[in-house]
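1. Turn this into a model:
(chains A and B)
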Amino acid sequence: EAQVTQNPRYLITVTGKKLTVTCSQNMNHEYMSWYRQDPGLGLRQIYYSMNVEVTDKGDVPEGYKVSRKEKRNFPLILESPSPNQTSLYFCASRKHGGSGNTIYFGEGSWLTVV
Amino acid sequence: SQELEQSPQSLIVQEGKNLTINCTSSKTLYGLYWYKQKYGEGLIFLMMLQKGGEEKSHEKITAKLDEKKQQSSLHITASQPSHAGIYLCGALMPWVNNAGNMLTFGGGTRLMVKP
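-> As a prediction, this is how the structure comes out:
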């Protein structure tokens, strides 16, 4: 089954404690992306990757890092989380080429930073 | 940045009424996606439109992309409480440098349906 898997789904952490949210897709997709969703702001892109070792900043990259060492994985790293990073996070992937390709989303990761 | 504008931001309708949500861009859209979301849950793919003038329907939901491919509307006929949620439009915007061939989203429309 084609899917994007995020972990953890729910996390409460403290300010400054490094954490990683993993994202894995099983469709051999080139493009992957991270979004955060906040009330009234829709989904805003944090970082994206167009292939292995190719990553770039989205709209709201501050406070986040990513890596793309393997095609299937695109972890989101919060080196020193702060309360303003409390949000719902989504990972997404799609295949390269063509505007009609289906975009797959993970189920979301609720992160609370206290 | 809100390259896509959705309106209205929120909507309360009586069950059985029709409603329309709009998604507008200042430039040509390349692939317009509609998603529905229950608050705090994942995104449910509804429809994707590519061609100007295209219209697609699923059950009581119809989405259209205008001829100029700069605006899409989502229309719900005879709304039901199960239609309640957040509706999001997303588009591929190659002119946005930090989009990386992924979706840029509108701000969402929160729909409530009163029984």
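
2. okay, which residue is most central for the chain?
-> No chain in the question, so chain A it is. A:Trp34 (2.8 Å; Cα atoms, centre = their mean).

3. Correction: the question concerned chain B.
-> Central residue of chain B (Cα atoms, centre = their mean): B:Cys89, at 3.7 Å.

4. mind listing what B:Lys36 touches?
-> B:Lys36 makes contact with B:Leu43, B:Ile44, B:Leu46, B:Gly85, B:Ile86, B:Tyr87, B:Leu88 under the criterion Cβ atoms under 8 Å, 6 or more residues apart in numbering or on different chains. C-beta: built from backbone N, CA, C; applies to glycine.

5. Provide the backbone phi and psi angles at it.
-> Main-chain dihedrals, B:Lys36, degrees, to the nearest 10: phi -120, psi 150.

6. Per-residue confidence at it, what does it come out as?
-> Per-residue pLDDT puts B:Lys36 at 95.

7. mind checking the SS state of the nearest residue to it once chain neighbours are set aside?
-> Sequence neighbours aside, B:Ile44 is the residue nearest to B:Lys36 in space, at 4.7 Å (criterion: Cβ to Cβ, 6 or more residues apart in numbering or on different chains). What DSSP: H, G, I helix; E, B strand; the rest coil gives for B:Ile44 is strand.

8. wait, B:Ile44 sits on B:Gln37?
-> Yes: under the criterion of Cβ atoms under 8 Å, B:Ile44 makes contact with B:Gln37 at 6.7 Å.
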